[in-house]
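Engineer: 3D, please:
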Amino acid sequence: MERCIIVSSSTFNLSQLCPNSSSILPFELPKSSSFSRSSNANSRQIKYGFCRTVPSNSSCTRAFSTNAVLSDVPQRNQYFKVGAESTGSIPSDQLLHVIETAAKTGAQVIMDAVNKPRNITYKGLTDLVTDTDKMSEVAILDVVRKNFPDHLILGEEGGLVGDSSSDYLWCIDPLDGTTNFAHCYPSFAVSISVLYKGKPAAATVVEFVGGPKCWNTRTFTAAAGKGAFCNGEKIHASSTDMVERSLLVTGFGYEHDDAWATNIELFKEFTDGVRRLGAAAVDMCHVALGIVEGYWEYRLKPWDMAAGVLIVEEAGGTVSCMDGGKFCVFDRSVLVSNGVLHAKLLERIGPATEKLKGKGIDFSLWYKPENYHTEL
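Structural biologist: Down below sits the predicted model:
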């Protein structure tokens, strides 16, 4: 069994928990919108995603000095659902059918290219893109447009296209984990989700598994309120309830700034039960499949997260921002877990994220189409 020890030399005071009552290729990015999260200061204080109410005469001042995460802290959590409450005029089965068809069409383009030489270009110093990314997105867009010509589409390579007055927004990553693909390293996927009024309604991720000369795929699907599936079989997040016995996954962006350094520190604190695979959609699907317990990352884009968060939620997991706040796909951070461990992970990840906010790191919404109507 893997072990994950979290080091802390500071005193842990339970009174702190018990208060009194878009493409990177040249195109014009959609403008971000402001997004406020409010709380009622006169009722319960919400911190790191969970509420706690303690009678005013309660004594809650036990102090701990420990070298491991406390796995016996009671949990009274309430996290917001990310999935759409409705799919509007289009049945979820119809949306899911088109998403699966589109994702498998893109995946076939990748499969045809996976053992061939790559033509690689760079969006920046290290952020690469291949002809396969572009060809996969073209194939996916062809399927979506034939079925829903009036829908809005946000693709990683092609940017924003379509009718901004539509209630439906397709978030498409034609090849998540391009660097892995370029090196024939088996952690990459096609990831597609369709949002209804800003919330994921249906999603598919086609993950490539195996390796050179033995590539195969497995397909994850989910529709809001309908459960999550892998190759047609229902899946569920794990029931592991101790961080020390969990396997966690994270990711690191290309920008080596305070957010990157903070995540390195979190990585060190949770080690040796942390992995870095390099494809956000795959990482979240592994949480849904029950083979890892949690995943977090700063500065992801909507196409990185929209499919994975719905699949995790429909598999019984929990989704929030890294500060524990309400999540939407236009946020810049995400934490997903098996649900059981969410509050315990936030004990470390939440304060670290708050420190970044204090340093001026931007956590406002981004890549939200300017005129796209949402109910967030």
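
Engineer: can you give me the helices in the stretch 51-200 of the chain?
Structural biologist: Counting by DSSP state H, counting those that start in this stretch, residue ranges of the helices within the stretch 51-200 of the chain are 92-113, 131-147, 178-182.

Engineer: now render those as JSON lines, adding distance to Val190, mean pLDDT and mean neighbour count.
Structural biologist: Placement of C-beta: from N, CA and C, glycine included. Output for these, formatted as JSON lines (distance: least, Cβ to Cβ, whole Å; pLDDT from 0 to 100; neighbours: other Cβ atoms under 10 Å):
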{"stretch": "helix 92-113", "distance to Val190": "4", "mean pLDDT": "97", "mean neighbour count": "20"}
{"stretch": "helix 131-147", "distance to Val190": "7", "mean pLDDT": "95", "mean neighbour count": "20"}
{"stretch": "helix 178-182", "distance to Val190": "11", "mean pLDDT": "91", "mean neighbour count": "21"}
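
Engineer: wait, which of those helices is closest to Ala237?
Structural biologist: Minimum separation from Ala237 across the helices of the stretch 51-200 of the chain (Cβ to Cβ) falls at helix 92-113, 20.3 Å.

Engineer: just to revisit the earlier point, which stretch among the helices of the stretch 51-200 of the chain comes nearest Ile361?
Structural biologist: Comparing the helices of the stretch 51-200 of the chain by Cβ to Cβ, helix 178-182 comes nearest, at 24.0 Å.

Engineer: could you list the low-pLDDT ranges of the stretch 201-350 of the chain?
Structural biologist: When residues are selected by pLDDT under 70, those of the stretch 201-350 of the chain lie in 271-272.

Engineer: still on that earlier bit, reformat the helices of the stretch 51-200 of the chain as CSV; add distance to Glu157.
Structural biologist: Compiled in CSV, these are given as follows (distance: least, Cβ to Cβ, whole Å):
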stretch, distance to Glu157
helix 92-113, 11
helix 131-147, 5
helix 178-182, 10
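
Engineer: any idea which helix or strand comes after the one helix or strand Val282 maps to?
Structural biologist: Assessed by DSSP states H and E, Val282 sits inside helix 280-289. Later in the chain than helix 280-289, the nearest helix or strand by DSSP H and E is strand 294-298.

Engineer: check the offset of that following strand from the chain's centre.
Structural biologist: 7 Å (Cα atoms, centre = their mean, to the nearest Å).

Engineer: so what touches that strand?
Structural biologist: Under the criterion Cβ atoms under 8 Å, 6 or more residues apart in numbering, residues 246, 248-253, 259-260, 262-263, 266, 280, 283-284, 286-287, 322, 332-338, 341-342, 345, 349, 356 lie in contact with strand 294-298.

Engineer: give me that answer again for 6 Å
Structural biologist: For strand 294-298, contacts defined as Cβ atoms under 6 Å, 6 or more residues apart in numbering pick out 248-251, 259, 283-284, 287, 322, 333, 335-337, 341, 345, 349.

Engineer: number of residues surrounding Gly210?
Structural biologist: Counted with other Cβ atoms under 10 Å, residues neighbouring Gly210 total 11.

Engineer: list the buried ones in stretch 326-333?
Structural biologist: Applying a neighbour-count criterion of 16 or more other Cβ atoms under 10 Å, one finds Lys326, Phe327, Cys328, Val329, Phe330, Asp331, Arg332, Ser333 buried in stretch 326-333.

Engineer: tell me the SS of the fourth one?
Structural biologist: I take that to be Val329. With DSSP: H, G, I helix; E, B strand; the rest coil as the basis, the three-state label of Val329 is coil.

Engineer: before we move on, the earlier item: and which of the contacts of strand 294-298 is nearest Pro149?
Structural biologist: Pro149 lies nearest to Met284 out of these, by Cβ to Cβ, at 29.8 Å.

Engineer: burial measure for the nearest residue to that closest one once chain neighbours are set aside, as a count.
Structural biologist: What sits nearest to Met284 in space, not counting adjacent residues and going by Cβ to Cβ, 6 or more residues apart in numbering, is Gly308, at 2.9 Å. Applying other Cβ under 10 Å, we find 35 residues neighbouring Gly308.

Engineer: angle of the helix or strand hosting Gly308 against helix 280-289?
Structural biologist: Gly308 belongs to helix 302-314 when assigned by DSSP H and E. Using axes from the mean of the first three to the mean of the last three Cα atoms, to 10 degrees, the direction of helix 302-314 lies 0 degrees away from that of helix 280-289.

Engineer: double-check Asn147 against Val98; I have them as touching.
Structural biologist: Yes: in this structure, Asn147 is within contact of Val98 by Cβ atoms under 6 Å, at 4.7 Å.

Engineer: find the nearest non-adjacent residue to Glu255, please.
Structural biologist: Residue nearest to Glu255 in three dimensions, not counting chain neighbours: Arg299, with 7.3 Å by Cβ to Cβ, 6+ apart.
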